[in-house]
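*Asks:* sequence and predicted structure, then a few things I'm wondering about:
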Amino acid sequence: MKPTIRTLSLQELAVLVDWAAAEGWNPGLEDAAMFQAADPEGFIGAFVGNEMVAAISAVAYGIEFGFIGLYICRPDMRGKGYGKAVWNAGMKRLAGRTIGLDGVAEQQANYRAMGFSPAYETTRYSGRKVGPSGRADGLRLLTTELVPDIIAYDAHCFPAPRRAFLQRWLQAPHHGLAAINSRGASGYGVARRCRSGFKIGPLFADDMKIALQLLERLAGACEGGDLSIDVPSTKLDFIAALNAAGFVPTFTTTRMYKGPPPKLGLQRLFGVTTLELG
């Protein structure tokens, strides 16, 4: 049966996030509402009758960059073309932009065949405690008055503006910290509670010292489970510090792009915001 393709409501997006939990992706407790803020039209489902059978996120960050994620077909509906239908709808929606995604190893050949090229690997590290990283006088709780500074700083770290997303992502119940010096922001990090433990993301900083200070303070605010952070494989010294603190790698994805890759470097990127939205 040919499916109906349409934008998801918030309630339907919450169902998709539940599907992600069933796949073992351990989403955040507030992810549906937080994700929708990034692009309310960017979550697409395939429906047979009144039942959602497949879905995808195809979030547009302006006219030059977009990101694909949350690509899931209901297990009992696989092999019927419904996943391909939402994939095509998502790609059509983001046409004309550079498109990013984070692909697991077993899907990378498929993504290559669709025109995506690898950029760098990201590994998820999980642990409970981060060791002392030195005095951190410049760290401040991320309050409303700091949000404009953080949005401006984020523009140096992410491939496209994402003001609407950050205005939600930086709010409670997420826990955000900013590193502030005499020149303004020099880094920030956000922790969110997930179905199990917490995830840190993003973690952006001018240097590794600031990144570790932010991570240590965020870890201290997260009681009741492991911390997880998705780290680019190029951050060898930062990874060594995580290993020394007892963090262990759990799985690896590869950031891939279709179209010209973003010119933004990885210098400030110590932890990816989310694998679903980039």
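*Replies:* It's in.
*Asks:* give me the nearest residue to His156, chain neighbours excluded.
*Replies:* Nearest residue to His156, sequence neighbours excluded (CB to CB, 6 or more residues apart in numbering): Arg268, at 6.4 Å. In short, each C-beta sits where N, CA and C put it, glycine included.
*Asks:* what sits against that neighbour?
*Replies:* His156, Cys157, Gly187, Phe204, Ala205, Asp206 (CB atoms under 8 Å, 6 or more residues apart in numbering).
*Asks:* with Phe47 instead?
*Replies:* Contacts for Phe47 (CB under 8 Å, 6+ apart) come out as Pro3, Thr4, Ile5, Arg6, Val53.
*Asks:* neighbours of the fourth one, just the number please.
*Replies:* Arg6 sits with 13 neighbouring residues when counted by other CB atoms under 10 Å.
*Asks:* what pairs with the strand or helix carrying it, and is each one parallel or antiparallel?
*Replies:* Per DSSP states H and E: Arg6 is located in strand 4-7. With DSSP bridges as the test, strand 4-7 is paired with strand 43-48 (antiparallel).
*Asks:* the helix or strand following the strand holding Arg6: which residues count as buried?
*Replies:* Sequence-wise, the next helix or strand downstream of strand 4-7 (DSSP H and E) is helix 10-22. For helix 10-22, the buried set under the neighbour-count rule, 16 or more other CB atoms under 10 Å, comprises Glu12, Leu13, Ala14, Val15, Leu16, Val17, Trp19, Ala20.
*Asks:* you'd agree Arg128 is up against Gly246?
*Replies:* Yes. Judged on CB atoms under 8 Å, Arg128 makes contact with Gly246 at a distance of 7.0 Å.
*Asks:* can you give me the strands in this protein?
*Replies:* 4-7, 43-48, 51-61, 65-73, 98-104, 117-127, 139-141, 175-181, 184-193, 198-205, 227-232, 248-258, 269-271 (DSSP state E).
*Asks:* show the average pLDDT along the second one.
*Replies:* So the one you mean is strand 43-48. If you average the pLDDT over strand 43-48, you get 98.
*Asks:* the fifth one too?
*Replies:* Per-region confidence: strand 98-104 scores 96 on mean pLDDT.
*Asks:* kindly report the same for the first one.
*Replies:* Confidence over strand 4-7, taken as the mean pLDDT, stands at 97.
*Asks:* and the contacts of it?
*Replies:* The contact list for strand 4-7, computed with CB under 8 Å, 6+ apart, reads Pro40, Glu41, Phe43, Ile44, Gly45, Ala46, Phe47, Val48, Ala85, Val86, Ala89.
*Asks:* list the buried ones in it?
*Replies:* Ile5.
*Asks:* got it, and the third one?
*Replies:* Within strand 51-61, the residues that count as buried by 16+ other CB under 10 Å are Met52, Val53, Ala54, Ala55, Ile56, Ser57, Ala58, Val59, Ala60, Tyr61.
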